[in-house]
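J.: Have a look at this prediction, sequence included:
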Amino acid sequence: MTTTLSVNLNAVAMLRNRRDLPWPSVEALGRIALQAGASGLTVHPRPDQRHIRFSDLPVLRALIDDEFPDAEFNIEGYPSEDFLALCERIQPEQVTLVPDDPAQATSDHGFDFRATGEMLKPIVARLKKGGMRVSLFADGDGDVEAVALAKATGADRIELYTGPYGGCFDNPERGIEFLELLGRTADAALAHGLGVNAGHDLTVDNLPALVKRIPALAEVSIGHGLTADALEYGMAETVRRFCRACGQTI
Ligand SMILES: CC(=O)[C@@H](O)[C@H](O)COP(=O)(O)O
Ligand SMILES: NCC(=O)COP(=O)(O)O
């Protein structure tokens, strides 16, 4: 199975928002990423619009529809009524629900499915009825009972929160421990028929071991580390490097 790369444009938007000017352009950088081999674009609009703005979404939807009809749009966020209505308007191929508080600096945990599984069921059903694939942000902590509860929501996939693994860039032994927990979580999800995505703090250096441990990994969404590399190598070369780190021959 090929692990696909969805480029998260949040960090590009954050740079743009430093000034009241339209650059760097999320549309232009998204286009370069898709031309270079990315399979999709991800955005995580937060209620305060501190990076991706709601007005960016129709622009990126049109970019994919008009120029890259095989690519996928993935919108991430907390399932508030506003967020659900936004997804219904924009019609991304995939919605990734995350349990983020609006005040949170960035995503730092998956859903507690014991507490929120019942709340998620009608939300997942609503999005799927609207034609969108639904993925749920999940801790990769090896909790196989939690994975069963994620499956019971009706979701199509989980997205493993890889932050703790990504944070081990200077402690490879600890990284191997987190990798095994991610792997066990993925094994349980796959056994339940859930697809598995992953994201947060992934890099060209930590991706190959993740893909090796989880060969059925469907998609990674990457923003922070990818944007950092794009400043150094350019967006097109960076996307090619990340695709190769996913195991793609590109
Ligand atoms: C769910 C997830 O891990 C990503 O959305 C990540 O949190 C990027 O969001 P920020 O760019 O706001 O940090
Ligand atoms: N879903 C994770 C994502 O989109 C990007 O996270 P990061 O690479 O910005 O940490």
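T.: All right, it came through fine. Ligands and ions are numbered 1, 2, ... in the order given.

J.: Let me know the secondary structure of the most centrally placed residue in the chain.
T.: By CA atoms, centre = their mean, the chain has its centre lying nearest to Ser221, at 3.7 Å. Per DSSP: H, G, I helix; E, B strand; the rest coil, the local secondary structure of Ser221 is strand.

J.: Can you pull up the residues of this structure that come close to ligand 1?
T.: Asn8, Asn10, His44, His51, Glu76, Val98, Thr106, Ser107, Phe137, Gly199, His200, Gly223 (CB under 6 Å from any ligand atom). Yep, even glycine has a C-beta here, placed from its N, CA and C like the rest.

J.: Past the longest helix that the chain contains, which element shows up next along the chain?
T.: With secondary structure taken from DSSP state H, the chain has its longest helix at helix 172-191. The helix or strand immediately downstream of helix 172-191 is strand 195-199, counting by DSSP states H and E.

J.: Now do that next one: which elements does it pack against?
T.: Packing partners of strand 195-199 (3 or more CB pairs under 8 Å, 6 or more residues apart in numbering; DSSP states H and E): strand 157-161, helix 172-191, strand 219-222.

J.: Select, out of those, the one closest to Arg89.
T.: Smallest distance to Arg89 across the helices and strands packed on strand 195-199 (CB to CB): 21.0 Å, for strand 219-222.

J.: Spell out which strands sit alongside the closest one in the sheet and which way each one runs.
T.: Strand 219-222 has these partner strands in its sheet, going by DSSP bridges: strand 4-8 (parallel), strand 195-199 (parallel).

J.: in this structure, which spans are strands?
T.: Assigned by DSSP state E, the strands in the chain fall at 4-8, 40-43, 72-77, 94-97, 133-139, 157-161, 195-199, 219-222.

J.: would you list those in TSV and tack on distance to ligand 2?
T.: What follows is those, written out as TSV (distance: least, CB to the nearest ligand atom, whole Å):
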stretch	distance to ligand 2
strand 4-8	4
strand 40-43	5
strand 72-77	6
strand 94-97	6
strand 133-139	7
strand 157-161	6
strand 195-199	3
strand 219-222	3
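
J.: Alright, that wraps it up for me.
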